[in-house]
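> how would this look folded up:
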Amino acid sequence: MISFPNAKINLGLHITSKRKDGYHELETCMIPIPLFDALEMILDKKPTWNSTGLDIPGDSKDNLILKAEKLLRKDFPGLPNLNIHLHKNIPMGAGLGGGSADGAFALKLMNNLFDLHLDDFFLEEYAAQLGSDCPFFIENTPKIARGRGEILEPIDLSLNGTYLVLINPGIHVGTKEAYAGVSPAPPKVKLEEILADRSRWKIELVNDFEPTIFKNHPEIEAIKSTMYSAGAFYSAMSGSGSSVFGLFDLQPSDLEFPNRYFRFEKFL
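Numbers count the residues shown, from 1 in each chain. Prediction:
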């Protein structure tokens with residue numbers, strides 16, 4: 001059985017407060033985009049894990065796919081062994097949620113493969129144990145995310161027909177660096193209100209990580225400026241970076257970059 005975990009972008013990302021447990025409360029709108037990994041699981045006599053495509057750094061025990069499998073096996077002992085193969089295409093550490101998507105899609109794939117009949121509510125409970133962004137990928141539709149990212153609210157927002165250009169400059173932005181210059185504050189205007197009026201996006205739909213990241217990596221800010229010069233009606237860094245996306249009403253014909261570059265003609 002095979003599935004295709006997709007990436008996401010953030011429309012606005014506001015850090016509203018710091019929690020006593022060290023995490024931060026946030027507010028953002030997450031949108032699925034058509035950039036995919038490929039995840040395959042088949043029943044086998046012995047457990048097997050392998051990956052192709054982009055190199056995945058770190059220890060395999062930290063991989064969210066294997067953590068998802070461990071979570072389900074804890075509550076459903078005796079499940080058959082799996083041969084798991086991931087083809088990694090979504091850049092890592094790029095603000096696109098690729099690892100979170102892999103973990104969430106692993107839960108959904110095992111739910112189907114093992115006929116567990118878990119509804120989305122329970123899958124989201126498992127996903128929240130994997131990471132803050134993971135629950136979003138269970139239903140995988142536009143959502144307002146609050147809390148650590150696990151409190152989700154549907155939003156009627158469609159970008160179908162909008163052209164998306166996504167640039168990944170290959171710069172790794174760590175969590176510590178991203179939060180270093182952020183001063184949490186309650187939102188002055190409801191995010192839903194801003195999203196309802198596209199004319200407000202360029203000025204009011206902000207990513208709180210950008211000032212620090214742009215100061216440390218001016219080449220990332222330059223990508224955003226180029227998007228607007230090419231006619232984007234909105235551009236921003238996704239998540240904590242370093243990927244930058246631009247949204248266009250008309251297909252841009254003269255926008256090229258020497259680094260990892262994607263162009264899509266429609267959204268999911």
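
> Residue 13 belongs to a strand?
Yes: under DSSP: H, G, I helix; E, B strand; the rest coil, residue 13 sits within a strand.

> hey, what's it bridged with?
Going by DSSP bridges, residue 13 is paired in beta bridges with residue 28, residue 207.

> Hmm, it is touching residue 30, no?
No: judged on C-beta atoms under 8 Å, residue 13 makes no contact with residue 30 at a distance of 9.3 Å. Any C-beta I mention is one placed from the backbone N, CA and C, and that applies to glycine too.

> And the helices in the stretch 101-250 of the chain, which stretches?
According to DSSP state H, counting those that start in this stretch, the stretch 101-250 of the chain carries its helices in the segments 120-130, 136-139, 175-180, 191-195, 201-204, 210-216, 218-229.

> Go through the third one and flag the buried ones.
For helix 175-180, the neighbour count (16 or more other C-beta atoms under 10 Å) marks 177-179 as buried.

> Would you mind giving me the confidence score for the most centrally placed residue in the chain?
Centroid-nearest residue in the chain: residue 97, 2.6 Å away (criterion: C-alpha atoms, centre = their mean). In this prediction, residue 97 carries a pLDDT score of 94.

> dump the residue contacts of residue 128.
Residue 128 makes contact with 134-135, 150, according to C-beta atoms under 8 Å, 6 or more residues apart in numbering.

> For this structure, give me the ranges with low pLDDT.
22, 254, 256-268 (pLDDT under 70).

> Could you report the distance from the residue of it most remote from its centre to residue 17?
Most distant from the centre of the chain: residue 45, at 33.5 Å, with distances by C-alpha atoms, centre = their mean. Distance of residue 45 to residue 17, given as C-beta to C-beta, to the nearest Å: 50 Å.

> Same check on residue 68?
Distance, residue 68 to residue 17, by C-beta to C-beta: 29 Å.

> about what we covered before: my guess is the residue nearest to the centre of the chain contacts residue 137, does it?
Yes: with contact defined as C-beta under 8 Å, residue 97 reaches residue 137; the gap is 7.2 Å.

> shared neighbours of the two, which are they?
Counting by C-beta under 8 Å, 6+ apart, the shared contacts of residue 97 and residue 137 are residue 8.

> Just confirm residue 27 contacts residue 191, I think it does.
Yes: between residue 27 and residue 191 a contact is recorded at 5.5 Å, counting by C-beta under 8 Å.

> joint contacts of these two?
Common neighbours of residue 27 and residue 191, counting by C-beta under 8 Å, 6+ apart, are 12, 14, 144.

> coming back round to it: check which helix or strand covers the residue lying closest to the residue nearest to the centre of the chain once chain neighbours are set aside.
Nearest non-adjacent residue to residue 97, counting by C-beta to C-beta, 6 or more residues apart in numbering: residue 8, 4.5 Å away. In the assignment (DSSP states H and E), residue 8 maps to strand 6-18.
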